[in-house]
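> Got a sequence here, can you model it:
(one chain, ligands or ions: 2)
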Amino acid sequence: LTAKTVSTQPFQGQKPGTSGLRKKVTEFQKPHYLANFVQSTFDALPQDKVKGATLVVSGDGRYFSKDAIQIIAGIAAANGVGHIWIGEKGLLSTPAVSAVIRNRVGAGGKKASGAFILTASHNPGGPHEDFGIKYNTDNGGPALESLTDAIFEGTKTIKEYKTVDGLPEFDLTKIGVTEFKGPEGPFAVEIISATEDYVKLMKSIFDFGALKELLARKDFTFVYDALNGVAGAYAPAIFVDELGADPASLKRCVPKEDFGGEHPDPNLTYAKHLVHDMGLGAEVPDTIPEFGAAADGDADRNMILGKKFFVTPSDSVAIIAANAEASIPYFKSGLKGVARSMPTSAALDAVATKAKLKFFEVPTGWKFFGNLMDAGMCSVCGEESFGTGSDHIREKDGIWAVLAWLSILAHRNNGSEQLVTVEHIVREHWKTYGRHYYTRYDYEGVESDAANKLMAHLIEQQGDLAALNKLVKATNSAVAEVEKGDEFEYKDPVDGSVAKHQGVRFLFKDGSRLVFRLSGTGSAGATIRLYIEQYQSDESKLGLDAKDALAPLVDVALAVSKMKDFTGREEPTVIT
Ligand code: VG1
Ligand code: CO
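Ligands and ions are numbered 1, 2, ... in the order given. From the prediction side, this is the model:
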């Protein structure tokens, strides 16, 4: 391989968002666009993480991934990287990348120093949709802000990047190593199994024997929907080969470059086939499985459903935390602590209080959990956005969440003649801890200017609580008074770094909350997220429809934000 230096010019807006750089494929296809970002990353990293290092390069297999792998490999070779690991067919789920970084040992006992993950997660894929890239560090987690800021600074001034001539096109289907004489030393490209490390890790966490018994029960029926994303590469290996599920229970489990033209986001709006199958659609099928779950494009998200029953992600993490010690071997000596993102409901707080666990509230985005886990302060964490996980890796983990739920079900059904269902477990949890009614409204594709004005307006409203409370009472007298309004700020207890402007919060006297934030994962325009939460401990009021329970707070949220005036929107685009 011969080195060459390519002249380039900076591109605007290569700032990594909540989880990496996400743009339209057409943007990434512009000459040098991806190369600039990759070179800026190598420039921002300490040199021992680059020279002679092992790097993982893979993703959810979305359109443009194969081109991206070739481009990154060339730049890596020229910058002195020694070895790259690529999942078979270029596929590794985001949690699997984290597992590979943390656990895989290469020749000479060498582990990976980081990874480029090629995904735009739950965003649609295909020639006219989104591509994305993010860098994860040697703990297996997303780069922290100090690093992503340095990368972004680099992209603003970059003038040239290094790559090589003579790199052949890789055959990503053939597991094995190809060695090259790189300009900076030996350079090896190794195609590895996409599933091996991840499956091994799952087997070390859960009691697969118990899960197998649950799945073998005649009265327990199961369905898993990968939404045509990379979870489909893992589902057969885990659910069918290891746990004995019927192959027919796997839906949309062949990873596709364009996710079948659908939106690979596991929620009640986009996972519409699963929602139908589970009896939550307009038409109810004759037979409904007892358990259903779905994943997003890169398999770090999950949605858990029971028969005709939706488990909110905020409840899900709380229920996993409450049952982990008894149901999951990995947690048998108890949890070190729990954490949630700020907009996630306080259901987890209630569990932490009762079990006297350390508890942390962090800004949105998985990277904020990493330091806590590295410091041994947190075992289980979650986000309202269908992200749940633990310190077994440093990413949220969709299949792990499903296995966690199956473990709870297996434990509860051990020796039980009549099946204890998902719905039963959730209702019982509410009885013990009270219920946190919760919903999120997303206004997608709003004009950026309008979204910024709305946020500025909200902050202004917080300046005068008396006037604000007048408006609240006039809008809906059933709503409690606002006790406090602020912008969420987080000081990392481990490294002391501070993250500001992490969402506008309205905290009410009865514990209800309204939170507004702008999404950091979109590729065009702005998305306003409105999070609505109300606590209820009165046993006679635990079974309401969330929509009805939250209607008064929704009224207030729309009035306080002047949502319609600013955005022209009567309705959100997605409700979860
Ligand atoms: C969204 C979610 C956030 C999640 C992030 C990445 O971010 O709200 O909770 O961590 O996506 O998930 P935002 O900034 O758009 O609200 V994924 O599965 O897209 O990596
Ligand atoms: Co994702």
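> contacts, neighbours, all on C-alpha from now
Noted.
> Contacts only, for the closest residue to Gly365 other than its chain neighbours.
Nearest in space to Gly365, with sequence neighbours left out and distances taken as C-alpha to C-alpha, 6 or more residues apart in numbering, is Thr18 at 5.6 Å. Applying C-alpha atoms under 8 Å, 6 or more residues apart in numbering, one finds that Thr18 lies in contact with Thr364, Gly365, Ser519, Gly520, Thr521.
> ok, now which ones touch the residue of the chain at minimum distance from ligand 2?
Closest contact between the chain and ligand 2, by C-alpha to the ion, is at Ser121 (3.7 Å). Listed by C-alpha under 8 Å, 6+ apart, the contact set of Ser121 reads Asp60, Gly132, Pro264, Asp296, Gly297, Asp298, Ala299, Asp300.
> can you check Ala99 too?
Gly140, Asp197, Tyr198, Leu201, Ile393.
> wait, isn't the first one in contact with Gly114?
Yes - contact between Gly140 and Gly114 holds when scored by C-alpha atoms under 8 Å: they sit 7.1 Å apart.
> Enumerate the residues of the stretch 201-350 of the chain near ligand 2.
Asp298, Asp300 (C-alpha under 5 Å from the ion).
> Helices of the stretch 201-350 of the chain, start to end?
208-216, 235, 272-277, 313-327, 347-355 (DSSP state H, counting those that start in this stretch).
> and those as JSON lines, adding distance to ligand 1 and mean pLDDT?
Output for the helices of the stretch 201-350 of the chain, formatted as JSON lines (distance: least, C-alpha to the nearest ligand atom, whole Å; pLDDT from 0 to 100):
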{"stretch": "helix 208-216", "distance to ligand 1": "26", "mean pLDDT": "97"}
{"stretch": "helix 235", "distance to ligand 1": "18", "mean pLDDT": "98"}
{"stretch": "helix 272-277", "distance to ligand 1": "18", "mean pLDDT": "97"}
{"stretch": "helix 313-327", "distance to ligand 1": "11", "mean pLDDT": "98"}
{"stretch": "helix 347-355", "distance to ligand 1": "16", "mean pLDDT": "97"}
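> As TSV, the ones you listed with mean neighbour count would be great.
Formatted as TSV, those follow (neighbours: other C-alpha atoms under 10 Å):
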stretch	mean neighbour count
helix 208-216	18
helix 235	24
helix 272-277	20
helix 313-327	24
helix 347-355	19
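> I'd like to know which of those is closest to Ile304.
helix 313-327 (7.8 Å; C-alpha to C-alpha).
> Ala347 and Arg435 touch, don't they?
Yes - counting by C-alpha under 8 Å, Ala347 touches Arg435, with 7.2 Å between them.
> shared neighbours, those two?
By C-alpha under 8 Å, 6+ apart, no residue touches both Ala347 and Arg435.
> can you pull the contacts of the spatially most distant residue from the centre of the chain?
Relative to the C-alpha centroid of the chain, counting by C-alpha atoms, centre = their mean, Thr2 is the outermost residue, at 39.0 Å. With contact taken as C-alpha under 8 Å, 6+ apart, Thr2 is in contact with Val164, Asp165, Gly166, Gly182, Pro183.
> Identify the farthest-apart pair in the residues you listed.
Of all pairs in those, the most separated under C-alpha to C-alpha is Gly166 and Pro183 at 11.0 Å.
> ok, these two, which is more surrounded?
Comparing Gly166 with Pro183 by other C-alpha atoms under 10 Å, the one with more neighbours is Pro183, at 17 against 11.
> So for the more buried one, what's the pLDDT?
Note for Pro183: predicted pLDDT of 94.
> wait, it sits on Val81?
No - using C-alpha under 8 Å as the test, Pro183 is too far from Val81 to be in contact (10.2 Å).
> Now do the shared contacts for Gly166 and Pro183.
Leu1, Thr2.
> Could you verify my assumption that Ala53 touches Ser113?
Yes - using C-alpha under 8 Å, Ala53 is in contact with Ser113, at 6.3 Å.
> any idea which of the contacts of Ala99 has the most stuff around it?
Gly140 (26 neighbours).
> quick one: contacts for that one?
Counting by C-alpha under 8 Å, 6+ apart, Gly140 has contacts Val97, Ser98, Ala99, Val100, Ile101, Arg102, Gly114, Ile393, Arg394, Glu395.
> could I get those residues as a markdown table with secondary structure and distance to ligand 2?
Below are the contacts of Gly140 laid out as a markdown table (DSSP: H, G, I helix; E, B strand; the rest coil; distance: C-alpha to the ion, whole Å):
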| residue | secondary structure | distance to ligand 2 |
| --- | --- | --- |
| Val97 | helix | 13 |
| Ser98 | helix | 13 |
| Ala99 | helix | 15 |
| Val100 | helix | 17 |
| Ile101 | helix | 18 |
| Arg102 | helix | 19 |
| Gly114 | strand | 18 |
| Ile393 | coil | 15 |
| Arg394 | coil | 13 |
| Glu395 | coil | 9 |
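> Compare the residues you listed and tell me which is most surrounded.
Within the contacts of Gly140, most neighbours by other C-alpha under 10 Å means Val97, with 33 neighbours.
> list the contacts for it?
Val56, Ser58, Ala115, Ile117, Gly140.
> Any chance of JSON lines for the residues you listed, columns pLDDT, secondary structure and distance to Ala77?
Output for the contacts of Val97, formatted as JSON lines (pLDDT from 0 to 100; DSSP: H, G, I helix; E, B strand; the rest coil; distance: C-alpha to C-alpha, whole Å):
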{"residue": "Val56", "pLDDT": "98", "secondary structure": "strand", "distance to Ala77": "13"}
{"residue": "Ser58", "pLDDT": "98", "secondary structure": "strand", "distance to Ala77": "16"}
{"residue": "Ala115", "pLDDT": "98", "secondary structure": "strand", "distance to Ala77": "14"}
{"residue": "Ile117", "pLDDT": "98", "secondary structure": "strand", "distance to Ala77": "17"}
{"residue": "Gly140", "pLDDT": "97", "secondary structure": "coil", "distance to Ala77": "22"}
